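A.B. asks: got a sequence here, can you model it:
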Amino acid sequence: MKSQTSLVASQVRLQHWAEQIKDCQNRPEDMDVKTWCDQNGLTKANYYYRVRKVREACLSVCEDPGVSFVELEQPVASANDVNGTGINSSAGAVIKGRNGLSIELYNTASQELIQKILGACAYAQ
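C.D. replies: Okay, here's the model as predicted:
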């Protein structure tokens, strides 16, 4: 098991590498990766090693070991359901996804709720 100090050092290293990767991705269009690496004191192999390690770290953070479900009430058809699709025409925004998934967002929805809904949809698809 890694010590707390080495975990912090790994995090700092990964953050530094992520900044370097972002810098490389924002390089001028006519500059290739090898030239950027030469200018920044890296080998091309080391650059791609860092890209792989940063991606692995991001994936390990993004993986949710426990899946949880939230029970949602079945929407009741309303007078605003103009065409019988179950979509309320007075919604602030309607997001239609794959497999017939549709989400109605109202102007009163909080930013936190919208982020959670979009995160759940991305995870589900």
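A.B. asks: okay, and residue 16 sits in which element?
C.D. replies: helix 4-25 (DSSP states H and E).
A.B. asks: now what about that helix, what contacts it?
C.D. replies: 2, 33, 36-37, 40, 42, 47, 50-51, 53-54, 57 (C-beta atoms under 8 Å, 6 or more residues apart in numbering). The C-beta positions use only the backbone N, C-alpha and C, and glycine is treated the same way.
A.B. asks: one more: stretch 109-117?
C.D. replies: 92, 103, 105.
A.B. asks: please pick the buried ones from the residues you listed.
C.D. replies: residue 103 (16 or more other C-beta atoms under 10 Å).
A.B. asks: list just the nearest of the contacts of stretch 109-117 to residue 120.
C.D. replies: Minimum distance to residue 120 across these is 9.6 Å, recorded for residue 103 (C-beta to C-beta).
A.B. asks: any idea how far the closest residue to the closest one other than its chain neighbours lies from residue 112?
C.D. replies: Distance criterion C-beta to C-beta, 6 or more residues apart in numbering; nearest residue to residue 103, sequence neighbours excluded, is residue 95 at 4.5 Å. With distances taken as C-beta to C-beta, to the nearest Å, residue 95 is found 17 Å from residue 112.
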